[in-house]
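Chemist: give me a model of this one.
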Amino acid sequence: MTRLNQENIQARNGRRAVGGIAVFTALLVACGGAPPGATESRGWTVGGSQTPSSGVGAATATTKGGVAAGPGAAAGQRPGAVSATMTGVAMMGALPSGPGLMGVPNFDGQSSEQVFSQTLYPILRQRCSKCHSEPPEGRNQMPLHASADVKTAHMWALSKINLRQVVNSKLIERQNMEGHNCWGDCKQNGEEIRAAAQTWADSMKASLPVSTMMTPPGDITEAQVLQWIMADKAKNPGDPQFIKYASLHRIYNAHDASPDDMNTARTGLSKILNSTSYSSKLVNPVAIDEYNMVYRFDIRDYWGAGRGGRAADAGATWARIIKGNFNADDQTPGPNTFANKDTPANSLAKMTPTFPNIAGFYPDYVDAAQLGYSLSRPDVYADVMSLGTNSAFLEASLGVKQQGIDTWKFVTIDDAITINKRMLLRTDSSFGYFWKGVDPFGQSPFIFYDRPIPEMDGFSLVKTTPVFATDGSYRMDNGLSVDANGKLVGGPQAQASEMIFSLPNGLQAYFVGGAANQIRVDAFPFIVFDPRRGGPSPSGFRIGPGSELRLVTPASCMSCHMDGPNRAVDDMITYIDANPTKFDAATVARVRELYPDTEAVGVQIEKDRTIYTKAMDTIRNTMMVGMEDKTIYREPIEYLFLSAQKIFKYNPSASN
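Modeler: Prediction:
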């Protein structure tokens, strides 16, 4: 891999980046298609000789005095884009959430790199370089925080470690909470990373930026919030039935909210509004007070148009939102139950005192944490997003083509979030990308390594095998239907399916389905798990005590997918290469048509992530105030709903 242009990452004198990393142009093609000179790898566009000048994929940032432009940056100007080369194929390794500290004038980049090389870097090199470094040593899996080149590793580590609040850094969360490739006990591994990062941070305190945001002299009272709202209504009468207010003052009054936390909350407020909207335009709410604590927004900007149903009527959608999460947590009691009644038709029973979970929806405003919480609960989200009851309906409504396997590209992943390996599929939708997973229920050997050419039914569902025979054993032939040539033509669909798709505004939405026809499941019980709510049991399936803490759509999805589609590698081509005699030549050739290798998968994911990060730039450049570093180090919607659970003291339940 060609080394990153280090002169563009850090000035030769080492003091700081001149122009920062904010002057790069993305090398990805525009979403609309490949530019002249683009090459194809396994059928996916992986690069091009021209850079788009505008639109999705255009990623040139402006600078002001060598510093990445902030809130005034025009749409499409992406601070922090860094070009990389992947075995000669141009791709973009864009920083996920802003230009980072290297774009801050007074940050001592040289000293930071030196301390990093002596503290966190040795751990990353030892534990992460197999994937997160360049070939031939690694798999070029971004972020390249374990690169053999310390400058490259330092840049990427700065995007994942908040030197002002180390404990809230994504890199630490990946270990101690998400359990990502632990080398021992995950909690201890996370603590090892935290301790090294804290030593690094402590040495850099003198050059870290501080907030210039004006802060209130004490707690913000209810009376003060209402006064601000009354004054704003007098100045901006508008259409009062559509104008709403959201306040962050309870988060601020909690006393443990730092300037970074408040900026995370502000970003989360805009992100949750726009993440539940089918509008083609991103709209940030507007602060009405000098402390940026109370925000005004017009519900027509988010829910005045949509795919249909309630989302087409802003007033009806808002009425649904303020009812709260009242259709969840319906699960038959018992320590060892597989019961799952969170499907739309039968999720009406309530078994917890926390519902309808609408505390904070006051007459004159909504609490911002509570709004983030409510919009990220399963049944509220499903109604607002018009998700429907099954994946076939969803795909059709999004314009996903139903033309067999050649419409899709496939990836297999050995390191999955389920009880087994998983398959991923990608195709285009009307709004951009559409990804979905195929997670077989069975704990048998991964079927797609025996049958690598996928077969689909008429609803673009990949056919899998049954889970168990009637005698409790796993049988490959149980319940399958084949034609005269032995080709699979039918059979039970024993799988979970998680879908991630672009919204018109560039953010993304989520759907989880399960069983025969991928019926929508708002809180998946025992196959797919959220590491924040407990991992699988020793048997693989999540049963018994704690199993009610399920993966929740969309809250769990939002927590993990902080920067859009998560990066992945393709293990199918690796498997094919490692087993050269297992399949005939025709099968191998067909597999290579359908499955991009890791290189092409990486480029496609970066292209899709660019759609998402461009949208997030529009949000954070406005919503993050008083701080030169506009990097988001933790998921902002997650911060809102965790704050709501703390402030309003919600009891743990299936969707809390």
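Chemist: could you chop this protein up by domain?
Modeler: 6-209, 222-386+637-647, 391-470+480-598 (automatic domain parsing).
Chemist: lowest average pLDDT across these?
Modeler: Per-stretch mean pLDDT for the domains of the chain is lowest at domain 6-209 (a mean of 63).
Chemist: elements contacting the helix ranked longest in the chain?
Modeler: Assignment by DSSP state H gives helix 598-623 as the longest helix of the chain. Helices and strands touching helix 598-623, by 3 or more CB pairs under 8 Å, 6 or more residues apart in numbering; DSSP states H and E, are strand 39-41, strand 44-47, strand 83-86, strand 89-92, helix 259-275, strand 432-440, strand 495-502. (Each C-beta comes from the backbone N, C-alpha and C, glycine too.)
Chemist: now with 6 Å, please.
Modeler: strand 44-47, strand 89-92, helix 259-275 (3 or more CB pairs under 6 Å, 6 or more residues apart in numbering; DSSP states H and E).
Chemist: contacts for the following helix or strand past it next, please.
Modeler: Per DSSP states H and E, helix 598-623 leads on to helix 636-647 as the next helix or strand towards the C-terminus. In this structure, residues lying in contact with helix 636-647 by CB atoms under 6 Å, 6 or more residues apart in numbering are 250-251, 264, 267-268, 271-272, 369-370, 372-373, 376, 558-559.
Chemist: how about a cut-off of 8 Å?
Modeler: If you take CB atoms under 8 Å, 6 or more residues apart in numbering as the criterion, helix 636-647 is touched by 250-251, 254, 261, 264-265, 267-269, 271-272, 275, 360, 367-373, 376, 555, 558-559, 650, 656.
Chemist: buried ones only from these, please, as a ChimeraX command.
Modeler: Written as a ChimeraX command, the selection of buried residues from those, which uses 16 or more other CB atoms under 10 Å, is:
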select :250,251,261,264,265,267,268,269,271,272,275,360,367,368,369,370,371,372,373,376,555,558,559,650,656
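Chemist: can you map out the strands along the stretch 301-450 of the chain?
Modeler: 366-367, 409-413, 422-429, 432-440 (DSSP state E, counting those that start in this stretch).
Chemist: tabulate the ones you listed (a markdown table), appending distance to residue 246.
Modeler: Below are those laid out as a markdown table (distance: least, CB to CB, whole Å):
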| stretch | distance to residue 246 |
| --- | --- |
| strand 366-367 | 5 |
| strand 409-413 | 38 |
| strand 422-429 | 30 |
| strand 432-440 | 28 |
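Chemist: so which of the ones you listed is nearest residue 612?
Modeler: With CB to CB as the measure, strand 432-440 is the member of the strands of the stretch 301-450 of the chain nearest residue 612 (8.9 Å).
Chemist: please name the strands paired to the closest one in the sheet, noting orientation.
Modeler: Using DSSP bridges, the strands paired with strand 432-440 are strand 422-429 (antiparallel), strand 495-502 (antiparallel).
Chemist: send the alpha carbons of that strand over as CSV?
Modeler: Extracted in CSV, the C-alpha atoms of strand 432-440 (Å, rounded to 0.1, in the frame of the first residue of the first chain):
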residue,chain,number,x,y,z
GLY,A,432,-28.5,4.9,-2.1
TYR,A,433,-27.5,1.6,-0.5
PHE,A,434,-29.3,-1.3,0.9
TRP,A,435,-27.5,-3.9,3.0
LYS,A,436,-28.9,-6.9,4.8
GLY,A,437,-27.6,-9.9,6.7
VAL,A,438,-28.5,-13.5,6.6
ASP,A,439,-27.9,-15.1,10.0
PRO,A,440,-28.8,-18.8,10.1
